[in-house]
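1. coordinates only, sequence not included:
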């Protein structure tokens with residue numbers, strides 16, 4: 001399957017994947033706006049801005065935004081990540097014009113009402129508090145600081161209570177004028193649509209979108225010496241994260257990395273899950289996963305266990321890392337992981353939302369596309385030798401560590417990294 005693609009005169013890129021036998025369509029407007037591009041005083045502004053556009057536009061109140069989509073049974077939402085923000089909807093195909101109208105209105109005509117701003121600050125501060133009360137989230141945030149140090153990529157997407165409470169309307173609107181611009185955006189669709197109708201709607205709703213702005217920070221992520229960070233929390237379990245330097249987003253070896261991570265800790269049959277949970281009973285949750293950004297990447301390993309057994313669990317993680325780095329994957333492990341990866345990708349294709357997100361994110365952040373056939377061919381081309389070579393490269397590098405829980409600092413001193 002090929003994509004429908006065009007770039008409007010103002011720089012907005014549009015990509016569509018038409019699936020005519022579906023009766024739904026997903027549409028998302030992607031923007032290169034996230035915590036990676038914020039100054040220290042702006043911390044959390046990308047996420048706060050994502051919240052605020054739903055509080056009213058020049059045409060719609062917050063209630064009207066919600067009611068219009070509910071009236072047609074549509075789904076409307078948004079999210080902010082390190083390097084992008086996405087406003088998206090999924091509707092029955094006949095309601096695509098409404099979905100595009102609402103999303104375009106949110107992004108191009110927010111009002112940033114001062115009264116609503118103050119109320120929404122409270123909502124976001126509660127969201128920050130909720131994250132602070134969720135140790136699994138907190139230890140991953142702490143790992144970012146341990147692995148990257150004080151760099152943009154390591155700072156929380158939500159910001160801090162201080163930065164959010166101090167965000168002025170001028171700062172919010174200034175950031176919006178700078179970052180919410182068509183040449184910093186991608187409109188992605190997947191499902192049943194008429195391409196000529198999409199072009200007509202996009203031209204009418206977004207064709208006059210001002211192309212000025214876009215003053216991104218230079219945010220090249222540098223390598224720093226990994227360290228161990230701890231956070232004291234009076235909770236029953238100790239939450240553990242290890243981080244290894246991995247691959248940036250555009251590195252095609254991320255396919256091999258996914259295979260390795262699946263065998264190491266990414267599935268119920270993985271080595272870490274079987275060894276630490278099934279055989280030893282030392283943790284309920286243990287897993288690994290890769291995280292890729294445009295200029296860096298990290299392989300994370302997570303486990304939660306009793307504080308008394310934490311040193312033992314870390315030793316087991318490091319021993320499994322040593323063994324798989326030295327000996328590589330078995331043929332059976334490799335074959336199973338590759339089939340899991342292929343099945344996960346193919347099953348994901350049944351969702352228009354997944355297709356829209358994959359195409360939009362890839363075009364926005366890497367300015368490339370990859371069809372279904374190309375992706376499956378690439379998965380089939382993965383060879384165990386390449387996976388084993390990458391495994392050795394990653395797991396023999398110095399790693400970072402984060403611990404959250406009771407006596408975390410004392411326990412860190414007992415751990416041999």
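-> Cool, got the structure. Model, not experiment: these values are computed from the prediction.
2. Tell me where the stretch 301-417 of the chain has strands.
-> Listed in chain order, the strands of the stretch 301-417 of the chain (DSSP state E, counting those that start in this stretch) span 400-405.
3. so where is it shaky, pLDDT-wise?
-> 416-417 (pLDDT under 70).
4. Repeat the analysis, applying 90 as the threshold.
-> 348-350, 413-417 (pLDDT under 90).
5. Identify the residues contacting the host helix or strand of residue 102?
-> In the assignment (DSSP states H and E), residue 102 maps to helix 96-108. With contact meaning Cβ atoms under 8 Å, 6 or more residues apart in numbering, helix 96-108 is reached by 25, 27-29, 31, 53-54, 57-60, 65, 68-69, 72, 74, 76, 78, 87-91, 180, 185, 189, 193, 197-198, 201-202, 205-206, 209. Glycine gets a C-beta too; all of them are placed from N, C-alpha and C.
6. cutoff 7 Å now
-> For helix 96-108, contacts defined as Cβ atoms under 7 Å, 6 or more residues apart in numbering pick out 25, 27, 29, 53-54, 57, 59-60, 65, 68-69, 72, 74, 76, 87, 89, 91, 180, 193, 201, 205-206, 209.
7. Ok, stretch 208-216 next?
-> So stretch 208-216 is contacted by 10, 11, 12, 37, 108, 177, 178, 179, 181, 182, 183, 184 (Cβ under 7 Å, 6+ apart).
8. a markdown table for those, including neighbour count, pLDDT and distance to residue 223?
-> Below are those laid out as a markdown table (neighbours: other Cβ atoms under 10 Å; pLDDT from 0 to 100; distance: Cβ to Cβ, whole Å):
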| residue | neighbour count | pLDDT | distance to residue 223 |
| --- | --- | --- | --- |
| 10 | 17 | 95 | 38 |
| 11 | 14 | 95 | 33 |
| 12 | 22 | 96 | 35 |
| 37 | 24 | 94 | 20 |
| 108 | 20 | 97 | 39 |
| 177 | 14 | 94 | 34 |
| 178 | 16 | 93 | 29 |
| 179 | 23 | 95 | 27 |
| 181 | 24 | 95 | 31 |
| 182 | 27 | 96 | 34 |
| 183 | 16 | 94 | 30 |
| 184 | 21 | 95 | 27 |
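9. Which one of those is nearest to residue 241?
-> Distance to residue 241 across the contacts of stretch 208-216 (Cβ to Cβ) is lowest for residue 37, with 25.0 Å.
10. Show me what counts as buried in the helix holding residue 102.
-> 96, 98, 99, 100, 101, 102, 103, 104, 105, 106, 107, 108 (16 or more other Cβ atoms under 10 Å).
11. and if you look at stretch 269-286?
-> For stretch 269-286, a neighbour-count test (16+ other Cβ under 10 Å) marks 270, 271, 272, 273, 274, 275, 276, 277, 282, 283, 286 as buried.
12. Please apply the same query to stretch 15-33.
-> 15-19, 24-33.
13. before we move on, the earlier item: ok, of the contacts of helix 96-108, which come out buried?
-> For those, a burial check counting by 16+ other Cβ under 10 Å picks out 25, 27, 29, 53-54, 57, 60, 65, 68-69, 74, 76, 87, 89, 91, 180, 193, 201, 205-206, 209.
14. Name the nearest residue to residue 35, sequence neighbours excluded.
-> Counting by Cβ to Cβ, 6 or more residues apart in numbering, residue 35 lies nearest to residue 157, which is 4.7 Å off, once chain neighbours are set aside.
15. and the one you found, that's in a helix?
-> No. Applying DSSP: H, G, I helix; E, B strand; the rest coil, one finds residue 157 to be coil, outside a helix.
16. If you average the pLDDT over stretch 50-59, what comes out?
-> Mean pLDDT, stretch 50-59: 96.
17. That stretch: how far from the chain's middle?
-> 23 Å (Cα atoms, centre = their mean, to the nearest Å).
18. Quote the end-to-end distance of that stretch.
-> Taking Cα to Cα, to the nearest Å, the first and last residues of stretch 50-59 lie 18 Å apart.
19. Check what contacts stretch 241-257 and list those residues.
-> 139-140, 143, 146-147, 290, 292-302, 317, 365-366, 378-379, 382, 386-387, 390, 394-395, 397, 399-402.
20. Now, of those, which are buried?
-> Buried among the contacts of stretch 241-257 (16+ other Cβ under 10 Å): 139-140, 143, 146-147, 290, 292-294, 296-302, 317, 365, 379, 382, 387, 390, 394-395, 399-402.
21. ok, now how distant is residue 304 from residue 163?
-> Distance of residue 304 to residue 163, given as Cβ to Cβ, to the nearest Å: 29 Å.
22. Next: residue 210.
-> Relative to residue 163, and taking Cβ to Cβ, residue 210 is found at 27 Å.
23. Could you list the domains of this protein?
-> Domain assignment for the chain by automatic domain parsing gives 4-206, 228-414.
24. Reformat the ones you listed as a markdown table; add distance to residue 219.
-> Formatted as a markdown table, the domains of the chain follow (distance: least, Cβ to Cβ, whole Å):
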| stretch | distance to residue 219 |
| --- | --- |
| domain 4-206 | 5 |
| domain 228-414 | 8 |
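25. among these, which is nearest residue 218?
-> So among these, domain 4-206 is nearest, using Cβ to Cβ, at 9.8 Å.
26. From start to finish, how long is the closest one in a straight line?
-> 18 Å.
27. Relative to the whole chain's centre, how far out is it?
-> On Cα atoms, centre = their mean, the centre of domain 4-206 falls 13 Å from the chain's centre.
28. again with stretch 349-364
-> The chain centroid and the centroid of stretch 349-364 are separated by 13 Å under Cα atoms, centre = their mean.
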